[in-house]
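Novice: Below are the sequence and a predicted model; questions follow.
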Amino acid sequence: MSKNVYRIVPLMLIIVVLLGALPAFAQEPVTITWFVGLGTGAAPEQQDAQIAVVDRFNETHDDIQLEVIFVTNDEAPQTLATLIATGESPDIIGPVGFAGTNAFLDNLLDLQPFVDATGYDLSQFDTSIVDFNRVSQQGLVGLPFALFPSFLYYRPALFEEAGLEMPPTAHGEPYILDGEEVPWDVNTLTEIAKRLTVDANGFDATEEEFDPESIVQWGFVNQWTNMRQNATMFGPGSLYEDNGDGTFTAVMPDNWRMAYNWVYDAIWKDHFYPNAAQEASDLLANGNAFASGNVAIAQSHLWYTCCLGDDTEWQIAPTPSYEGTTTARLHADTFRILNTSDNPEEAFEVLTFLVGDASRELLQVYGGMPARPDQRDQFFADLDARFTQGVNWDIAIASLQFVDIPSHEEWLPNNNEAFTRLQSFWSFIQSEPGLDINAEIDNLLADLDAIYNAAE
Amino acid sequence: MSTVSDQVALQQDARRTTKKETSSDLMRTQRIWGWIFLSPWIIGILAFTVIPIVASLGFSFTNFELNKPDQVEFVGLANYVKLFNDPLVGVAIKVTLRFAALALPLAIILPIALAALLNNKNLKAKRIFRTLFYMPFIVPVVSAVYIWGGMLNSQTGWFNRALAIIGVNGPNWLDSQVWIYPALVIIGLWGLGNSYLITLAAMQAVPTELYEAATVDGAGAFGRFRHVTFPMISPVVFYNLVLAVIGLFRYFEIPFVLKGSEGFPGQSTWFFNIHFFRTTFGFLDMGYGSTLAWLLFAMTMAATLILFRTARYWVFYSSGEMF
């Protein structure tokens, strides 16, 4: 009996120790945190689908545990910054475009080494869209995912009412104005926008009797825009030059100076573009101007379909050219990995899952056009089910050939402060009549110079 | 050998010592419980007030940016020097002073006028009026600002529609760099309920015999107000003035809700507190943001001290108290 006890007890102890040590031999899954909110994605109705994607990933991966954090868009930058400051940085952020990540550009990881190491196939995307995600300082900071090309939205009924032909249906096609073929360019847009601007007495903005104080319908608006977005119809541009010695010079490209003169005249001289008060009024749906039905043409992105409700009284047209060149600005959302991630390889694996296997569900939630050409038919079929008027989506796809590079969302030195100054300039010209716009641009450049170079 | 009296004395000493010890134990226990009951407040004020204040002073000597915590460096007085080179500080101070020039007199005069009106013995339905004038104060600021934003829209707002009825072409209240200030003042007037109420309470506390004596001495309505009412309510006016000045320096909610944190239209609502908020939480520059916070504190403190210095010349304390 006692002999048995001496044998059994040590044996039991060994078994207990081994059993206790087993979990230590089994590898703990790596936790990857995904931060949603810098762009779209944090709305309550969007969350379930993303949680389902996370669950699906976790069910199929024992080695990685994916967790998602949702933060409302207005609080996301501060929350992310606080997480970074407290060492609780997430691994992946997104979906987000450049505008949303410019403040965190220094925190982004270059994905190229991971692409090279894993042999990830970038050739499945258009080269221009891959290059759009390359940033000179950081390298490849995202894989193509959701695209939001820009074009014009217009209301055919208002064109008919004004006796105007419909806009062309493809880039490069001419427009028929008063029976004559004319180029589909900024000048033509100006002319038809004036004719589509109508006062309470039914006079349009080309007529002498037109009363700018009682406008009830506007010809054109750049929907939910900012200063740089407004200029891109006149071509791409950049507002700084890197002097190479850590200093920067504020510059205003000639085409953009022309653009601001054009838009200022459109607001205060020709009156076909609503001023700030008009845009914020009930008449223009407190800012959702085109959806109000009282604007004939709006320049915007594919994401604007979000905000048209069940309105089907619209069509899309190509962006007009300026001096023979068409530029259709692009917004592109994707996921990015922060360089503070402790597990970048696992984070890259999750990233490729989000832009790959999970992309269809996620793109439906975010409303973005797939960066992969083979997924686009289904995407537009879904949109057609919602907008039954028969939209020519080929225009949206063709817009990708005219992307603005450098992007109007490119990083600026001392980015947040510079962006705020640009916003105040845009608000200023949309609010104040009687300005010498070129003098104001010069004032802006002087301020930008100071802001850029206050960035150490 | 101890005598009986010695033994009694010893027993008394022992009792006294025991009583003292018991009393001391009780006090200690009470003291401990006192600290326990005070601890939530103490922890709260330490965690949410004292430590952040001290930390912000420390941050103001660093280049701490929230998204670059690993690059924090001590920069000495660089942030304080930057205050003098930052054009937005000048803009913010100018905007704040411009608004103060319009808002401050009204914030002081209107509550007095309103209180005098509602204290008038000839006014009927005083309680209804008093309630009506106080009610806007209890409307949450954000809701009120949204409502006012719609009412003051130059195109479709009720204000300009009402003006149009009498043939006046209403201004562009919210999007003009000039008219935005009157618009903010109008919205702010909704918040006067509290200051008018305490002014009214002060007026009601003025002894009636003072008015009777003044009337006997031949004082008219204006004379009674000037020589009796105003001196008697001057401590409350002073109180309202100090609060209004502090409120102006920390003016934030209304322009923030109405025009966002970017100072629209143009930079006309770039108030000092908006600049502080934007720098700290928009530009994520905690170091310089802390410096702005300390400048705000210094300006507010200086203005308050100046007001207290002037109080001795115009504030009358019937009990003779003076600061």
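Specialist: Looks like it came in fine. Numbering: from 1, shown residues only, chains lettered A, B, ... in the order given.
Novice: Show me the helices in the stretch 151-300 of chain A, by range?
Specialist: Here the stretch 151-300 of chain A has its helices, by DSSP state H, counting those that start in this stretch, at A:156-161, A:186-195, A:227-231, A:254-268, A:276-280.
Novice: For chain B, which of these is the nearest?
Specialist: helix A:276-280 (4.0 Å; CB to the nearest CB). No exception for glycine: its C-beta is placed from N, CA and C like everyone else's.
Novice: which helices and strands sit right next to the closest one?
Specialist: Helices and strands touching helix A:276-280, by 3 or more CB pairs under 8 Å, 6 or more residues apart in numbering or on different chains; DSSP states H and E, are strand A:215-222, helix A:415-431.
Novice: Let me know the next secondary structure element after the longest one.
Specialist: Counting by DSSP states H and E, the next helix or strand C-terminal to helix A:415-431 is helix A:437-453.
Novice: So is that next one next to chain B?
Specialist: Yes. Using CB under 8 Å from any CB of the partner chain, a contact is recorded between helix A:437-453 and chain B, made by A:Asp447, A:Ala450.
Novice: for the helices and strands packed on helix A:276-280, which one sits closest to chain B?
Specialist: Using CB to the nearest CB, those put helix A:415-431 closest to chain B, at 3.7 Å.
Novice: what angle separates the closest one from helix A:437-453?
Specialist: Between the axis of helix A:415-431 and that of helix A:437-453 there is an angle of 170 degrees, by axes from the mean of the first three to the mean of the last three CA atoms, to 10 degrees.
Novice: which strands and helices sit next to helix A:415-431?
Specialist: With contacts defined as 3+ CB pairs under 8 Å, 6+ apart, helix A:415-431 has these neighbours: helix A:227-231, helix A:254-268, helix A:276-280, helix A:437-453.
Novice: which one of those helices has the lowest average pLDDT?
Specialist: Looking at those, the lowest mean pLDDT belongs to helix A:276-280 (a mean of 90).
Novice: List of residues touching it?
Specialist: Contacts of helix A:276-280 from elsewhere in the structure, counted by CB atoms under 8 Å, 6 or more residues apart in numbering or on different chains, are A:215, A:218, A:221, A:284, A:286-287, A:289, A:427, A:430-431, B:149, B:153-155, B:172, B:174-175, B:264-265.
Novice: Contact residues of the stretch 301-450 of chain A facing chain B?
Specialist: In this structure, the stretch 301-450 of chain A approaches chain B at residues A:416-417, A:420, A:423-425, A:427-428, A:430-432, A:447, A:450, judged by CB under 8 Å from any CB.
Novice: Save those residues as TSV, and put in neighbour count too.
Specialist: Rendered in TSV, the data for these read as follows (neighbours: other CB atoms under 10 Å in any protein chain shown):
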residue	neighbour count
A:Asn416	18
A:Glu417	24
A:Thr420	22
A:Gln423	16
A:Ser424	22
A:Phe425	21
A:Ser427	25
A:Phe428	23
A:Gln430	26
A:Ser431	22
A:Glu432	22
A:Asp447	21
A:Ala450	17
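Novice: Now tabulate the helices and strands packed on helix A:276-280 in TSV and tack on mean pLDDT and distance to A:Ile129.
Specialist: Output for those, formatted as TSV (pLDDT from 0 to 100; distance: least, CB to CB, whole Å):
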stretch	mean pLDDT	distance to A:Ile129
strand A:215-222	97	23
helix A:415-431	91	23
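Novice: among these, which is nearest A:Phe114?
Specialist: Smallest distance to A:Phe114 across the helices and strands packed on helix A:276-280 (CB to CB): 25.6 Å, for helix A:415-431.
Novice: Low-confidence stretches in the stretch 151-300 of chain B?
Specialist: Judged by pLDDT under 70, the stretch 151-300 of chain B has no weakly predicted residues.
Novice: Flag every residue of it that's near chain A.
Specialist: Close to chain A, as judged by CB under 8 Å from any CB, the stretch 151-300 of chain B has residues B:153-156, B:169, B:172, B:174-177, B:262-267, B:270, B:278, B:281-284.
Novice: Swap in 7 Å and give it another go.
Specialist: Taking CB under 7 Å from any CB of the partner chain as the criterion, the stretch 151-300 of chain B approaches chain A at residues B:153-156, B:172, B:174-177, B:262-267, B:278, B:281-284.
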